[in-house]
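**Q** okay, here's the prediction I keep looking at, along with the sequence it came from:
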Amino acid sequence: MAGLTDDEARFAHLAEGNAKQARKRVAADVLIRDQHGHVVLVNPTYKEHWDLPGGMAETNEPPRAAAMREVREELGLPVRPGRVLLLDWIGPHGPWDDQLLFIFDGGVFPHDQIRQFTPSDPEISDVAAVPVEEARQLLRADMADRLNRALHALAGNATDYHESTQE
């Protein structure tokens with residue numbers, strides 16, 4: 001590359017490579033519980049099923065920061081997500097490219113405090129703390145499976161990783 005220093009030429013080469021590499025969609029959810037083992041779910045207005053609090057990361061946003069931002073936007077709750085309980089690679093499906101989905105440990109809140117959680121985002125119509133069995137019924141089947149795996153990882157002090165080629 002004529003006229004460029006070695007450092008500038010190396011930077012230009014790396015930037016060109018970066019522009020050609022794949023981009024991943026990243027979702028970051030949070031598993032929040034009460035002392036009775038109830039799970040906090042949100043009811044998105046744009047989906048058929050309930051979901052865990054959280055959502056999509058913005059460009060170049062770390063997954064944990066995305067989870068914090070999304071829970072603050074959805075519930076007005078300043079939560080500091082703990083360890084990663086689950087990480088799934090979800091292959092391309094429908095109109096969507098592949099994505100990475102994180103579920104972080106959101107900790108345990110007193111039931112009385114959770115009962116006061118209210119949606120603070122127009123995309124969320126309701127929030128509830130429900131027993132795990134009820135949560136499994138309210139969630140889409142793939143998310144119910146992820147909830148089970150996240151709870152198992154939580155109990156086992158582990159992180160669950162899975163690759164799914166279809167949703």
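**A** Nice, I can see it.

**Q** how about the contacts made by the residue lying closest to V84 once chain neighbours are set aside?
**A** Leaving aside its chain neighbours, V84 sits nearest to T159 (5.2 Å; criterion: Cβ to Cβ, 6 or more residues apart in numbering). In short, each C-beta sits where N, CA and C put it, glycine included. Counting by Cβ atoms under 8 Å, 6 or more residues apart in numbering, T159 makes contact with R83, V84, L85, L86, L87, A153.

**Q** for F11, see how far away T159 is.
**A** 35 Å (Cβ to Cβ, to the nearest Å).

**Q** what of V42?
**A** From V42 to F11 the distance is 43 Å (Cβ to Cβ).

**Q** out of these two, which sits in the busier spot?
**A** Ranked by neighbour count (other Cβ atoms under 10 Å), V42 and F11 place V42 first, with 25 against 12.

**Q** any idea of the mean pLDDT in the host helix or strand of the more buried one?
**A** According to DSSP states H and E, V42 maps onto strand 39-44. For strand 39-44, mean pLDDT rounds to 98.

**Q** so what touches that strand?
**A** Contacts of strand 39-44 (Cβ under 8 Å, 6+ apart): 31-34, 50-53, 74-75, 106, 109, 114, 117, 119, 123-132, 135, 138-139, 147.

**Q** who's in contact with P92?
**A** Taking Cβ under 8 Å, 6+ apart as the definition, contacts of P92 comprise D98.

**Q** next: D51.
**A** By Cβ under 8 Å, 6+ apart, the neighbours of D51 are D29, L41, V42, N43, P44, L139, R140, M143.

**Q** with Q21 instead?
**A** Per Cβ under 8 Å, 6+ apart, neighbours of Q21: none.

**Q** before we move on, the earlier item: quick one: which of the contacts of T159 has the most company?
**A** Neighbour-wise, those (other Cβ under 10 Å) top out at L85, 28 neighbours.

**Q** count the neighbours of L138 for me.
**A** For L138, using other Cβ under 10 Å, the count is 16.

**Q** which residues pair with the nearest residue to it once chain neighbours are set aside across the strands?
**A** Nearest non-adjacent residue to L138, counting by Cβ to Cβ, 6+ apart: W50, 4.0 Å away. For W50, the beta-bridge partners are L139 (DSSP bridges).

**Q** is it true that W50 touches L139?
**A** Yes. In this structure, W50 is within contact of L139 by Cβ atoms under 8 Å, at 5.8 Å.

**Q** may I ask which helix or strand of this protein has the lowest mean pLDDT?
**A** For the chain, counting by mean pLDDT, DSSP states H and E, helix 6-20 ranks last in confidence among helices and strands (a mean of 72).
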